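K.L.:
Sequence first, predicted model second:
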Amino acid sequence: MDDLKQKYLGQIADAGDEAVLEAIRLSAVGKKGEVALKMRELGKMTPEERQVAGPALNALKDEINSALAAKKAALADTALDARLREEWLDVTLPARSRRQGTIHPISQVTEEVTAIFAEMGFSVAEGPRIDTDWYNFDALNIPGHHPARAEMDTFYMHRAEGDNRPPHVLRTHTSPVQIRSMETMGAPMRIICPGGVYRADYDQTHTPMFHQVEGLAIDQDISMANLKWVLEEFVKAFFEVDGVDLRFRASHFPFTEPSAEVDIRCSWEGGKLNVGEGDDWLEILGSGMVHPKVLKAGGIDPESWQGFAFGMGIDRIAMLKYGIPDLRAFFDSDLRWLRHYGFASLDQPTLHGGLSR
Amino acid sequence: MKFTLSWLKDHLDTTATLDEILYALTDLGLEVEGVEDRGAKLRDFTIGYVKSAEKHPDADRLRVCQVETDEGVKQIICGAPNAREGITVVVAKPGVYVPGIDTTIGVGKIRGIESFGMMASEREMELSDEHDGIIELPSGEVGQSFVDWLAENDPAKVDPVIEIAITPNRPDALGVRGIARDLAARGLGTLKKRDVDAVEGTFPCPVSVTIDGDTLEQCPVFYGRVIRGVSNGPSPAWLQDCLRAIGLRPISFLVDVTNFFTYDRNRPLHVFDADKIAGKALRVHRAKGGETLIGLDEKDYTFDEGMTLISDANGVESIGGVMGGLASGCTEETTNVFLETAYFDPIRTAHTGRALKINSDARYRFERGIDPAWTPYGIEHATRMILDHAGGEASEVIVAGKIPETGRAYKLDAARVRSLVGMDIPESEQRQTLTSLGFVLEGSMAHVPSWRPDVQGEADLVEEVARVASLTKLQGKPLPRVTEGVPKPILSPVQRREAIARRTCAALGYNECVTYTFIDQASAALFGGGAEDTKLENPISSDMSHMRPALLPGLLQAAARNQARGFGDLALFEVGPAFHGGEPGEQHTLVSGLLVGRTGPKDVLGASRAVDVFDVKADAETVLATLGAPAKVQILRGASEWWHPGRHGMICLGPKKVLGIFGELHPRVLAAMDVKGPAMAFTLWPGEVPMPRKTGATRPALKISDLQAVERDFAFVVDADVEALTLVNAAMGADKALIEDVHIFDEFIGGSLGEGKKSLALTVRMQPVDQTLKDTDIEAVSAKVVEKVSKATGAVLRG
């Protein structure tokens, strides 16, 4: 029996492929294999002999079966290794390209601003870009002869012959949306009005279309001190700094009274803006308490209500925050610019996750 | 508005430093735009004394000078003809920057002899154009700073020039005195008394003035007098320096006087040559229309009906409040001058100035509003100055009309500063502020000074008090939340959709553009716009003349620019307004995407290919799906002519409800816009996507079957123009309960099928509901599918 064991274990060890292994299996433990034949001989044995030979044969059968299984697995491993060696790839080859889309800085920054003001209870109001001169000027306490009208470089829409209404304008600010919102929402209210606005000016720092966000809060007990707090909170959150110094400077806008220009403390090091530190002051927005005449134009009683308003350039704060040098490039759609200054689709600004990466 | 520091100090008695003044100006709302500290650049020049000057051994024109300076005797080589022993000079030592020649002085050798500095001319220090020789000073100590010497002996040369921005509400600050008044109210000194005594006229005014009855609103009052026997000529040096410092050219004394008071007191004046006033009578009247005048700027003007004109017997001589006429103006030869001090209405003046396109100092001031009550004082001040410098004899003053009433008063509510601004300012301080600004307080009523047309209500009083107290001191105060707890969402469904569309497009690989919403007429016309109603009256250029009817022209222009820069594979999109008319609200939000070129750069995997209609179809469908559009839509043809007629589809809910269009753009449109095509595009109308009827966040229960679905493939031969969707819909209809999905997986055109035929292969997926399908069930449904499809399209099952 030892011979038998030696013979088959030796053959199994030498087997080079699965076919040989199968032949060995048949000749050893197959139905007509040597071990099976030996098993048949058991019947002829005495019970004593059988008690010895039976278990031995079973053990031999198990041993050969195990050796076969182990060899089969080893052969499969070898074959797989060989195949995998064949399947070598130059993985430094470029992958299938996938386009990377981008979000324009104006959209991104508008969402950032919206996220911040939403937290303070401001909703987003929108309105038409072509508007009547009443909404754009008169309602905002800028009568027809007011020098501010001439200074605003307004674009006018063409008037058909015989149409004697004053020409419509491309809104020079998003303030008409404030009036329209007052008319529809009434007091109290808190809104921001982001969107495109127009002035007939084109040079290094001016484009005939740009973007503004204005804010308006109307309530009974609301003052310029609240305005200052809101703007401080906004600037801190927007520029993602812990502290910021805001300076209110007296100024004049027809639609607010008192009015203030707002500067933020900053430094410019190597052309990079650092908000909240340094000795420079950067003018970033205009603001004030809503003029009683403006409230009245919006259908709100100035005897009972008061409020503040402010406005700033979205493109401008985008330039400041992200170090974008040229306003004109915002509207040029140069692919290189869109990719460089754009934002990934999933970079949605949130207050819990952070506005920028 | 420009003025010099010494001009300011002419009105303001102050010990404040320049920096304190500048800070206060900006803080008061008179924003400093710039300061030209003309002394700063001369800070390092010192005074020296030439001890000896000898001819340079190797150069006839050069002298070797030994110059005493604050650092001892220095040897300086000089080429100026007047360089000689015994003169006091201005020295620039090595290291000093000389502005007039834009050079920093070094130690040098000139023709072999060392030179340790330079002696400067006026031009080299940018003091004047004088360059005939080096400066010889009549006084000055060796080592003294030259700037200090100038400040002492010729201050106008180094007086800082301050330029401030004046907001339209502050005409009073268009005069130096108004600025001084603001600073005094802030506590930076006291306003000097600058009154003059009236000049008694010694003879009746030989020129008469009348104002037409219908013109009194636009010119309520006119003061005038003749001064005879004056000798006009150049102004005295102080006046010339004043005017030059703020960028005005001295012309002649009489003219300079008018300019001086324009800036000193915001009181424009006009001087006529009295001898040129025909008929010795002036009449202020409304233009009939068509009158003409050659203005002082030597340009021809023709007047519209209603403009304020001043005429004599010959016709128009002056445009009221805007500009005088050339013919009757003063010249060097003028000996008898007629001085005009009038008040012109701001609104009328603004209209006239704008219509005539005249931007004069007078118009600028009259349209913002001068102080009408100061009219009689203005004429006396000017008379006094003329008599003092040009001699002559003044007539009596004649007056036409009367000074318009400006008196008004508002209640000062001291608590208002607290409630509106949020600052605590004691009432006494509030009253003090207003008083120093010229308000007269009578109990709680504040009477507004005549020079403050901007103050029109109680809020203005608050503004004045807060402004003078300084808003810089304002402390922020938290704005309470509208509601307690977690803020509610604030975006409207429409706003959310816009944001979702934008981020989906970017996720699909498109780059967002923001293009101008006005484009050229030709491009607008290609996309159904460009008509008169969307035309701008005053476009900045013909490239921006019409409001865009669609986003695609802007994106195509962007594509053309990028192609010109060598970028041919583009995926651009924009979300924004397009305009279907020129009335407010005639705009609608669109989402447009544009694909040009290939899906990516050529690659070893062969994955790159030219973009096609099915790319934009997939993208349009994806964006619509994220916007919540129903999955079941119709694809119709027949969109506008800028689409390829055979290669586009309108994604519709019914024939009138278009959610979007995708397809290839018409080659003719691309050619017109210089875009190398083909180009694929989609445009979506997010506003057309029906809003879901939201009943809560709960989803309907999920119904899924444990029974296995069965798929069967069919291949049909149909006419080539039969649309796949027709087959799909027909197959879907074969058994609405069992058939879950029908999917086209192959198309084969022509070949063995013959001309005009194609084969479409589709997979029908059947989902049993209550029991496993038996072969006979499947056979029955399959037969129904074949029957339905054949009936709907004439298809035959491919053998």
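P.N.:
Cool, the structure landed. Numbers count the residues shown, from 1 in each chain, chains lettered A, B, ... in the order given.

K.L.:
got the residues of the stretch 601-750 of chain B near chain A?
P.N.:
For the stretch 601-750 of chain B, the residues in contact with chain A (C-beta under 8 Å from any C-beta of the partner chain) are B:P601, B:D603, B:V604, B:L605, B:A607, B:S608. Where you see a C-beta, it was placed from the backbone N, CA and C, and this is true even at glycine.

K.L.:
List the contacts of B:M680.
P.N.:
B:L594, B:L595, B:V596, B:V611, B:D612, B:V613, B:D615, B:V616, B:F662, B:G663, B:E664, B:L665 (C-beta atoms under 8 Å, 6 or more residues apart in numbering or on different chains).

K.L.:
okay, A:N58: pLDDT?
P.N.:
Looking at A:N58, its pLDDT reads 86.

K.L.:
what's the helix or strand for it?
P.N.:
helix A:47-86 (DSSP states H and E).

K.L.:
any chance you could map the strands in the stretch 151-300 of chain A?
P.N.:
For the stretch 151-300 of chain A, strands defined by DSSP state E, counting those that start in this stretch occupy the ranges A:169-170, A:189-198, A:209-219, A:246-253, A:256-269, A:272-275, A:280-290.

K.L.:
ok, and the closest non-adjacent residue to residue 256?
P.N.:
You didn't say which chain, so I picked chain A. Of all residues not flanking A:T256 in the chain, A:G288 sits nearest, at 2.6 Å (C-beta to C-beta, 6 or more residues apart in numbering or on different chains).

K.L.:
that's the other chain; I wanted chain B
P.N.:
B:S235 (4.3 Å).

K.L.:
For that neighbour, give me its contacts.
P.N.:
Per C-beta under 8 Å, 6+ apart, neighbours of B:S235: B:L243, B:P250, B:S252, B:F253, B:D256, B:V257, B:H389.

K.L.:
Now compare the residues you listed and name the two farthest from each other.
P.N.:
B:L243 and B:H389 (13.9 Å; C-beta to C-beta).

K.L.:
okay, now the residue in the stretch 601-750 of chain B that chain A sits nearest to: neighbour count?
P.N.:
In the stretch 601-750 of chain B, the residue that lies nearest chain A is B:A607 (4.3 Å; C-beta to the nearest C-beta). B:A607: 16 surrounding residues under other C-beta atoms under 10 Å in any protein chain shown.

K.L.:
repeat for A:I24
P.N.:
By other C-beta under 10 Å, the burial measure for A:I24, its neighbour count, is 23.

K.L.:
avg pLDDT for whichever strand or helix holds it?
P.N.:
A:I24 belongs to helix A:18-29 when elements are defined using DSSP H and E. Helix A:18-29 shows a mean pLDDT of 88.

K.L.:
One more: stretch A:124-138?
P.N.:
96.

K.L.:
So which bits of the stretch 251-357 of chain A are right by chain B?
P.N.:
A:251-254, A:257-261, A:289, A:291-292, A:306, A:330-336, A:338-339, A:342, A:344-346, A:348.

K.L.:
Of those residues, select the buried ones using a PyMOL command.
P.N.:
Buried residues within those, by 16 or more other C-beta atoms under 10 Å in any protein chain shown, are selected in PyMOL with:
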select buried, chain A and resi 251+252+253+254+257+258+259+260+261+289+291+292+306+330+331+332+333+334+335+338+342+345+348
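
K.L.:
how far out from the middle of the chain is stretch B:771-786?
P.N.:
The chain centre lies 73 Å from the centre of stretch B:771-786; the measure is C-alpha atoms, centre = their mean, to the nearest Å.

K.L.:
Skipping adjacent residues, who's closest to B:T406 in space?
P.N.:
B:S450 (4.7 Å).

K.L.:
and that neighbour, how many residues sit next to it?
P.N.:
20.

K.L.:
On the three-state scheme, it is what?
P.N.:
What DSSP: H, G, I helix; E, B strand; the rest coil gives for B:S450 is coil.

K.L.:
Could I get the buried residue list for stretch B:439-451?
P.N.:
So for stretch B:439-451, counting by 16+ other C-beta under 10 Å, buried means B:F439, B:A446, B:V448, B:P449, B:S450, B:W451.

K.L.:
Pick out the most distant pair among those residues.
P.N.:
B:A446 and B:W451, at 14.6 Å, using C-beta to C-beta across these.

K.L.:
Next SSE downstream of the helix or strand hosting B:V616?
P.N.:
Assigned by DSSP H and E, B:V616 belongs to helix B:613-626. The helix or strand immediately downstream of helix B:613-626 is strand B:634-636, counting by DSSP H and E.

K.L.:
Return the list of helices and strands in contact with that following strand.
P.N.:
Using 3 or more C-beta pairs under 8 Å, 6 or more residues apart in numbering or on different chains; DSSP states H and E, the elements in contact with strand B:634-636 are strand B:643-652.

K.L.:
send the alpha carbons of the strand it packs on over as CSV?
P.N.:
Output in CSV follows, covering the C-alpha atoms of strand B:643-652 (Å, rounded to 0.1, in the frame of the first residue of the first chain):
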residue,chain,number,x,y,z
TRP,B,643,-31.6,74.7,-35.9
HIS,B,644,-30.5,72.1,-38.5
PRO,B,645,-33.9,71.2,-40.1
GLY,B,646,-33.3,67.5,-39.8
ARG,B,647,-31.3,67.3,-36.7
HIS,B,648,-33.1,68.8,-33.8
GLY,B,649,-35.9,67.9,-31.5
MET,B,650,-38.2,69.8,-29.3
ILE,B,651,-38.8,68.2,-25.9
CYS,B,652,-42.4,68.8,-25.4
